[in-house]
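*Asks:* sequence first, predicted model second:
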Amino acid sequence: MKKRKKIIIFILTTSFLVGSVAYRLIFVCNFELLENIIYKSSNLILQEISKGTNKNLIILGTGYSLNINESNRITEHDPLMIMPKNSFYEETVLSVFFPFESDGLAEAGKELANFINENESNYDSITLIGHSKCGVCFANATQWINNPKKITLLTTSAPFKGTHNAEIAEEKLIFFENAVFSLIYSNHAVDRDLFKNSDFMKTADYSAVADCKQHINIVAKCPTTTNNFLDKLLAYLDKKLEINGDGIVPFESQKLIHSNTIEIQIEATHASSMQKGIEILKKVAHN
């Protein structure tokens, strides 16, 4: 009876994942036009989501990778990618993407810093909101920003000290589970930079975060109870891989504390911490 139940759960889970990936690959992003591109290189793509009514800029990094052709149509993208939506209505909002041929988080961060340096005089304030690898990229990029006092940095589920690598996943996960893990990590530079002992992790410098106007760091742990399927799946991976974090990033790896840091601990998985982080930022800004 237990074996039959496991088989049924396996079939349902597999069907859900295959259907979700197929839907997003075929119907959501495939060859979609990425409009309002204001910066494009082999390391970084910036898309203007909205033009604000005030002089505040928000740069939003969800951590997704994609490739676009000469006409700015999406030719390749992360399997689980959801296009970001504007949650802010008065600020100008830019979205960050990493091309698959990127040289890594350091080069992307340098180009982002150069973009900020060239445009910061147009804005009264600049807020960087970085989830996962984007949080790491943004924190490392602060060392190249000329006027960090104008920067508010919000990071969520950011693996400042790295994550488990694919070899550990292969050792501890069965084939199906490892396939799910592989959907989360693509085998290209910005993802490989996140693994412990990568060249990026050995040279990353987050010290300039202390010079920013403020750093709000959202540190997430899997919720004890949830009705969300993806949250349940990540909580399972968290336990199976002994991550002790948000299902992807260990809790201790998410910590980065400077004198200007406000650390906020929440119950969320890697999939839900971004939106909760944005909601917290709105409350902090409102107060």
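*Replies:* It's in. Numbers count the residues shown, from 1 in each chain.
*Asks:* now stretch 84-100: average pLDDT?
*Replies:* Stretch 84-100 carries an average pLDDT of 86.
*Asks:* please point out which parts of it sit buried.
*Replies:* Within stretch 84-100, the residues scored as buried using 16 or more other Cβ atoms under 10 Å are 84, 87-88, 91-100. All C-beta spots, glycine's among them, are computed from the backbone N, C-alpha and C.
*Asks:* out of these, flag the one nearest to residue 253.
*Replies:* Among the buried residues of stretch 84-100, residue 98 lies closest to residue 253 (Cβ to Cβ), at 19.9 Å.
*Asks:* state the distance from the closest one to residue 92.
*Replies:* Taking Cβ to Cβ, to the nearest Å as the measure, residue 98 and residue 92 are separated by 21 Å.
*Asks:* number of nearby residues for residue 123?
*Replies:* Other residues lying near residue 123 total 18 when counted by other Cβ atoms under 10 Å.
*Asks:* so it makes contact with residue 56?
*Replies:* Yes. In this structure, residue 123 is within contact of residue 56 by Cβ atoms under 8 Å, at 6.2 Å.
*Asks:* name the residues contacting each of these two.
*Replies:* Each of residue 92 lies in contact with both residue 123 and residue 56 under the rule Cβ atoms under 8 Å, 6 or more residues apart in numbering.
*Asks:* can you get me the start-to-end distance on stretch 138-156?
*Replies:* End-to-end span of stretch 138-156 (Cα to Cα, to the nearest Å): 11 Å.
*Asks:* what strands line up against the lengthiest strand in the chain, and which way round?
*Replies:* Across the chain, the longest stretch assigned as strand under DSSP state E is strand 56-68. Strand 56-68 sits in its sheet next to strand 74-77 (antiparallel), strand 92-98 (parallel), strand 125-131 (parallel), going by DSSP bridges.
*Asks:* make TSV from those and add distance to residue 62 to it.
*Replies:* Converted to TSV, these look like this (distance: least, Cβ to Cβ, whole Å):
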stretch	distance to residue 62
strand 74-77	12
strand 92-98	7
strand 125-131	5
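*Asks:* from residue 246, how far off is residue 49?
*Replies:* With Cβ to Cβ as the criterion, residue 49 and residue 246 are 25 Å apart.
*Asks:* which one of those two has more residues nearby?
*Replies:* residue 246 (32 against 18).
*Asks:* so who does the residue nearest to the more buried one when sequence neighbours are not counted touch?
*Replies:* Closest residue in space to residue 246, ignoring its immediate chain neighbours: residue 220 at 4.0 Å, by Cβ to Cβ, 6 or more residues apart in numbering. By Cβ under 8 Å, 6+ apart, the contact set of residue 220 is 156-157, 245-246, 249, 251, 254, 265-270, 273, 276.
*Asks:* the same query, at a cut-off of 7 Å, please.
*Replies:* 156-157, 246, 254, 266, 268, 273 (Cβ atoms under 7 Å, 6 or more residues apart in numbering).
*Asks:* what do you get for residue 99?
*Replies:* Here residue 99 is in contact with 42-43, 45, 65, 67 (criterion: Cβ under 7 Å, 6+ apart).
*Asks:* how near is it to residue 37?
*Replies:* 12 Å.
*Asks:* joint contacts of the two?
*Replies:* Common neighbours of residue 99 and residue 37 (Cβ under 7 Å, 6+ apart) are residue 45.
*Asks:* would you list the buried entries among the contacts of residue 220?
*Replies:* Using 16+ other Cβ under 10 Å, the buried ones in those are 156-157, 246, 254, 266, 268, 273.
*Asks:* for stretch 227-245, which positions count as buried?
*Replies:* Buried residues in stretch 227-245 (16+ other Cβ under 10 Å): 230-235, 237-238, 241, 243, 245.
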